[in-house]
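> 3D, please:
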Amino acid sequence: MGMPELVVAAVLEQGRSNSEVARDYGVSRRWVITLVQRFEAEGPVGLQARSRRPRRSPTRIPDQLADEIIGIRKDLDHGGHEAGPATIAYHLERRHGHSPAPSTIWRVLAQRGFVVPEPHKRPKSSYVRFEAAQPNERWQSDLTHWSLADGTDIEICNWIDDHSRLCLASTARTVFNAGDIDALFCRTATTWANPASVLSDNGAVYTGRYRSNGRVSLEITLHHRGIAFVHSRPYHPQTCGKVERFHQTEKNWLAHQPPAATIAELQAQLDTFRRYYNDVRPHRALGRRTPRSAYDARPKATPRGQPLNDAHYRVRHDTIDAFGKLTIRYRSRLHHIGIGRRHAGTKVLILVRDLHVRITTTNGEPIRELTLDSTRDYQPQPKT
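Now for the predicted structure:
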């Protein structure tokens, strides 16, 4: 005999009160009353366990909407696009003007077997995240690789805006050299205007600092336009994380397309993806706005450095010594230039044209400009 039968027998056969039975059997008085009422109305059948499922669920979405959610998920997956609950909610909002919460969509996906359990990830609070405050405040660029249908390796150069994630350019070539990168930047800047700064890794097409102690074409162009050029720390791709993440999104989409047989076909695919990515695809980091809408929403930053309009400067990389000085040779004679101890250890560019000397940081910020006095060994700092 189970607990319900014991409780009912104690009340109806032994004549004990509901409160006394509830106390002796360690159950609630309300439950005792309910069991007695069920037994009197239905007999022994009324004491059988009943489902606790609610008779109705006002928040449950219709099966038709659940099927639509699954349909959107399949379409996005088939196209190689991001297909999380928030993206599906965005598309439902555009179709109907309203959408269930992403958590509700997640439950539908889980019930239909579309959610794969993942191990716990590093908490977002542990990341130090940077985002430019304005469009064109910083552009990021990097190279990645893709293969044609016959296995030929192709390089893809991507340029994105740090603030809006807008894909400014995505171009395929067999191999990019420094001149190709510079030409692509100039075409991109013609369309989107000059940025305030550019961020890249230390690849040979982006900087000559670690190989020839000189400058590549892009560095010359940026410094002539007053655009700051920042490079990531060697072997630390996280600094260029936005363009690295863009590579993944782009390659995931390409993997769902027919393999391109030629560079022209691959470029056509890249152009199609760039239009979709910029104007259609909602971006999670942008509050589910498109990159284009985020780019158009704020005024654009402009270069803050001093443009170098004379192309006949002799350029040299150097580091200010511990005493705050630099050295420069003019007509076989060595001259010392005072900069100041506060700049000790700073990496600089020295631009020389005859006796005119201009010294800037590697980001294009001016430090000192002077006319060299060839009769003196030491060029003191100007008195303020």
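
> quick check, pLDDT for the closest residue to Leu218 other than its chain neighbours.
Once flanking residues are discounted, Leu218 sits nearest to Asp182: 4.5 Å by C-beta to C-beta, 6 or more residues apart in numbering. Every C-beta, even on glycine, is put in place using the N, C-alpha and C of the backbone. On pLDDT, Asp182 comes in at 92.

> can you get me a residue count around the closest residue to Thr239 other than its chain neighbours?
Nearest non-adjacent residue to Thr239, counting by C-beta to C-beta, 6+ apart: Ser232, 3.5 Å away. For Ser232, the neighbour count with other C-beta atoms under 10 Å is 18.

> list the contacts of the residue found closest to His356 once you drop the neighbours it is linked to in the chain.
Spatial nearest neighbour of His356, excluding adjacent residues (C-beta to C-beta, 6+ apart): Thr371 at 5.9 Å. When contacts are counted by C-beta atoms under 8 Å, 6 or more residues apart in numbering, Thr371 touches 355-357.

> hey, C-alpha coordinates of the lowest-mean-pLDDT helix or strand in the chain in PDB?
Taking mean pLDDT, DSSP states H and E as the measure, the chain has strand 314-319 as its least confident helix or strand, at a mean of 83. What follows is strand 314-319, C-alpha atoms only, in PDB (Å, rounded to 0.1, in the frame of the first residue of the first chain):
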ATOM      1  CA  ARG A 314      65.900  60.400 -46.900                       C
ATOM      2  CA  VAL A 315      64.300  58.200 -44.400                       C
ATOM      3  CA  ARG A 316      65.900  56.300 -41.500                       C
ATOM      4  CA  HIS A 317      64.600  54.300 -38.600                       C
ATOM      5  CA  ASP A 318      66.300  54.900 -35.200                       C
ATOM      6  CA  THR A 319      65.900  54.800 -31.500                       C
END
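
> list the buried ones in it?
Arg316 (16 or more other C-beta atoms under 10 Å).

> who does it pair up with?
strand 347-353 (antiparallel) (DSSP bridges).

> how about the contacts made by the residue most central in space within the chain?
With distances taken as C-alpha atoms, centre = their mean, Lys242 lies nearest the centre of the chain, 3.9 Å away. In this structure, Lys242 makes contact with 140, 160, 162, 165, judged by C-beta under 8 Å, 6+ apart.

> quick one: which of the residues you listed is nearest Arg23?
Nearest to Arg23 among the contacts of Lys242 is Arg165, at 66.1 Å by C-beta to C-beta.

> and the closest residue to Ala285 other than its chain neighbours, what does it touch?
The shortest distance from Ala285 to any non-neighbouring residue, by C-beta to C-beta, 6+ apart, is to Arg165 (6.7 Å). By C-beta under 8 Å, 6+ apart, the residues touching Arg165 are 242, 246, 283, 285-286, 291, 294.

> mind checking the SS state of Arg165?
The three-state label given to Arg165 by DSSP: H, G, I helix; E, B strand; the rest coil is coil.

> want to throw the contacts of Thr371 into JSON lines with secondary structure?
Output for the contacts of Thr371, formatted as JSON lines (three-state DSSP):
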{"residue": "Leu355", "secondary structure": "coil"}
{"residue": "His356", "secondary structure": "strand"}
{"residue": "Val357", "secondary structure": "strand"}
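
> out of these, which one has the lowest pLDDT?
Leu355 (83).

> please report how far the residue nearest to His336 when sequence neighbours are not counted lies from Ile227.
Nearest residue to His336, sequence neighbours excluded (C-beta to C-beta, 6+ apart): Tyr378, at 4.8 Å. Distance of Tyr378 to Ile227, computed by C-beta to C-beta, to the nearest Å: 33 Å.

> neighbour count winner among those two?
Ile227 (24 against 10).

> residue contacts, the more buried one?
Contacts of Ile227 (C-beta under 8 Å, 6+ apart): 194-198, 303, 305, 364.

> kindly report the same for Thr188.
159, 168-169.

> can we see that at 10 Å?
Neighbouring residues of Thr188 by C-beta atoms under 10 Å, 6 or more residues apart in numbering: 139, 141, 157, 159, 168-169, 171, 194-195.

> and the helix or strand hosting it, what's buried?
Following DSSP states H and E, the helix or strand that holds Thr188 is helix 178-192. Buried residues in helix 178-192, counted by 16+ other C-beta under 10 Å: 178, 180-185, 188-189, 192.

> burial of Glu40, as a residue count?
11.

> picking that back up, may I ask which two of the contacts of Arg165 are separated the most?
Top of the distance list for the contacts of Arg165 (C-beta to C-beta): Phe246 and Ala294, 14.3 Å.

> off-centre distance for stretch 61-77?
27 Å (C-alpha atoms, centre = their mean, to the nearest Å).
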